[in-house]
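Asker: below are the sequence and a predicted model; questions follow.
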Amino acid sequence: MPYFVVIEEQGSAWDDKRSMQDQTGWDEHAVFMDALTDEHFVILGGPLKYSRHRAMLILDAPNEMMLRKRLAEDPWMRTGVLRTLEIYPWEVLLGKLT
């Protein structure tokens, strides 16, 4: 399967006064992301140091359409806490992700 790099960013429902773990729907988002990790759909992921909340994911997906469909099921995506900013197909030439 191809790998993808996905950059997600805070959406319109993000509350700047709250930490990431205090955002509305954090528990549901965390359970969803943990399940994707258990399925090996998410290989790596976490927040980036940036002035706005951004996160980077390394995903193992058959294609971008499937990737978008799966991420759209995230409770934070459905409620606007997060949005997908960028998606890049990624060819790994150095190291191993397995």
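Answerer: Nice, thanks for sending it over.
Asker: could I get the full set of strands for this protein?
Answerer: 3-10, 42-48, 54-60, 82-90 (DSSP state E).
Asker: make JSON lines out of the ones you listed and add mean neighbour count and distance to residue 68.
Answerer: No exception for glycine: its C-beta is placed from N, CA and C like everyone else's. Formatted as JSON lines, the strands of the chain follow (neighbours: other Cβ atoms under 10 Å; distance: least, Cβ to Cβ, whole Å):
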{"stretch": "strand 3-10", "mean neighbour count": "18", "distance to residue 68": "9"}
{"stretch": "strand 42-48", "mean neighbour count": "13", "distance to residue 68": "14"}
{"stretch": "strand 54-60", "mean neighbour count": "18", "distance to residue 68": "11"}
{"stretch": "strand 82-90", "mean neighbour count": "15", "distance to residue 68": "7"}
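Asker: closest to residue 71 out of these?
Answerer: Smallest distance to residue 71 across the strands of the chain (Cβ to Cβ): 6.3 Å, for strand 82-90.
Asker: adjacent strands (with direction) for the closest one?
Answerer: strand 3-10 (antiparallel) (DSSP bridges).
Asker: cool, thanks, talk later.
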